[in-house]
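> no sequence on this one, just coordinates:
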């Protein structure tokens, strides 16, 4: 898992898992469809990514599909990160 | 024809998927007034059967109370059936304001505004009060109507882990740069039945200069020693800035909801809340019944006391029988089966035994 994915994963564990929830989050764990993150609370993840990576993710791109795994989130971030 | 065969097939497939996943909901036709025992036609076309009803929100048994029904009859006779107007044109009777004043007194707030439903109250309140410079911080298990209301508002949205005060404080600190902060929670959570830690929430809100919003639909009339709601239960009467609640559950069970709280916030809703502005309000017949409900529950706590005793008894029986229930004090007792289809199957089998309940499934509950 590269550094970006690790940062995303760590935030998800801290922000969304309850204390004592020992589910393992890998880069391909289903986050939205797996019931770990819901579309209502997803907004804090989007805000975290924008602040951490200094990017703006358009609402139209912040879809449940795009936020459904660490891998897809990392791809989304890369899309909006300046080369 | 705009409704093409392709569209029809697509919707048919989606409905088939819901059936296949055990998530397809069917209505049960009740052939009698709402009550602890009732007559239900289910599946549709079958003769009605007498069953025990333990899935209504008729917490105080007032939905068909003879004095409430008589008051509603009198209201129908004296004030007519409909208003044919929104409130601010010519759709407000004196009894609408009388009910608002009496409910304000009951809840211990400063003012209140009726809405066609609490769904409408929650859908309209946030957009009326907040905008881009503000933040709404909601418990992750709030009712769907609050989620919808939040999504309609342009203020920043955030959530905290269910009833996690540490996480809430982190969020309050994170958003100190915002103009206004509003902490949003259900009073009693409709699916799990637990009660929000309002004493702790209010303390955090006061520490970090935030307002507090509570949807008390599953508490008004019976939670707290005199049934005022979760704010009474938690000792914070007068310290909640907005309470929304419903007339559609304990308070007669017909329909209607309200936004109650700080005078200026309620007045802003009267000026700006779109479900209030652009739909008729509660019909006079319901207002008349609700006034009688308030009179009955203000005169004695007997009904909520009985409910409290029954709740303790029911929770103990289920626990002793080995069921996994969510702990708490609310009459909402969540029996956890951890499988949507199993919940439907259990509800079906219990109905066969003469017991009406329904498995609650996503998006209603998980």
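Okay, I see it. Quick caveat: nothing in here was measured; it's all calculated off a predicted structure.

> can we go C-alpha only for contacts and neighbour counts from here?
Fine.

> near chain B, which residues of chain A?
A:15, A:16, A:18, A:40, A:41, A:43, A:44 (Cα under 8 Å from any Cα of the partner chain).

> For stretch A:24-32, list every residue counted as buried.
A:25, A:27, A:29, A:30, A:31, A:32 (16 or more other Cα atoms under 10 Å in any protein chain shown).

> so of those, which ones are in strands?
Among the buried residues of stretch A:24-32, no member falls in strands (DSSP state E).

> hey, where'd the helices end up in chain A?
Along chain A, the segments classed as helices by DSSP state H run A:3-16, A:42-53, A:70-79.

> Point out the most buried one among those helices.
helix A:70-79 (a mean of 18; mean count of other Cα atoms under 10 Å in any protein chain shown).

> Check what contacts that helix and list those residues.
Residues from elsewhere that reach helix A:70-79 (Cα atoms under 8 Å, 6 or more residues apart in numbering or on different chains): A:4-5, A:8-9, A:26-29, A:49, A:53, A:55, A:57, A:65-67.

> angle of that helix against helix A:3-16?
120 degrees (axes from the mean of the first three to the mean of the last three Cα atoms, to 10 degrees).

> what about the residue of the stretch 201-350 of chain B found nearest chain A, how many residues close to it?
Closest approach between the stretch 201-350 of chain B and chain A, counting by Cα to the nearest Cα: residue B:338, at 13.1 Å. Other residues within reach of residue B:338, judged by other Cα atoms under 10 Å in any protein chain shown, total 9.

> low-confidence ranges in the chain?
No chain in the question, so chain A it is. Across chain A, residues meeting the criterion (pLDDT under 70) sit at A:1, A:82-83.

> hmm, I had chain B in mind actually
For chain B, counting by pLDDT under 70, the residues that fall below are B:1, B:355-366.

> what about the most centrally placed residue in it, distance to residue B:145?
In chain B, the centroid-proximal residue (Cα atoms, centre = their mean) is residue B:217; its distance is 3.4 Å. To residue B:145, residue B:217 is 11 Å away according to Cα to Cα, to the nearest Å.

> got it, and residue A:75?
For residue A:75, the distance to residue B:145 - Cα to Cα - is 33 Å.

> cool, and residue B:161?
18 Å.

> Out of the residues of chain A next to chain B, which is nearest to residue B:31?
Comparing the residues of chain A next to chain B against residue B:31 with Cα to Cα places residue A:40 closest, at 38.3 Å.

> name the element the closest residue to that closest one other than its chain neighbours belongs to?
Leaving aside its sequence neighbours, residue A:40 sits nearest to residue B:147 (Cα to Cα, 6 or more residues apart in numbering or on different chains; 7.0 Å). Assigned by DSSP states H and E, residue B:147 belongs to helix B:144-151.

> Quick check: which helices or strands does that helix pack against?
helix B:118-129 (3 or more Cα pairs under 8 Å, 6 or more residues apart in numbering or on different chains; DSSP states H and E).

> Contacts for the helix it packs on next, please.
B:115, B:145-146, B:148-150, B:152-154, B:217, B:244-246, B:256-259, B:265, B:268-269, B:272-276.

> Same check on stretch B:204-211?
With Cα under 8 Å, 6+ apart as the criterion, stretch B:204-211 contacts B:169, B:172, B:173, B:176, B:180, B:181, B:182, B:183, B:212, B:240, B:241.

> cutoff 10 Å now
Contacts to stretch B:204-211, defined as Cα atoms under 10 Å, 6 or more residues apart in numbering or on different chains, come from residues B:135-137, B:165-166, B:168-169, B:172-173, B:175-176, B:179-184, B:198-203, B:212, B:239-242.

> Buried residues in it, which are they?
B:204, B:205, B:210, B:211.

> Likewise for stretch B:236-245?
Buried residues in stretch B:236-245 (16+ other Cα under 10 Å): B:236, B:237, B:239, B:240, B:241, B:242, B:243, B:244, B:245.

> Run the contact check for whichever helix or strand residue B:344 is part of versus chain A.
Assessed by DSSP H and E, residue B:344 sits inside helix B:340-352. No - remark: helix B:340-352 sits outside contact range of chain A, by Cα under 10 Å from any Cα of the partner chain, the gap being at least 14.0 Å.

> So for that helix, what gets flagged as buried?
B:340, B:341, B:343, B:344, B:347, B:348, B:351.

> Can you classify the residue of the stretch 201-350 of chain B closest to chain A by secondary structure?
Three-state assignment for residue B:338 (DSSP: H, G, I helix; E, B strand; the rest coil): coil.
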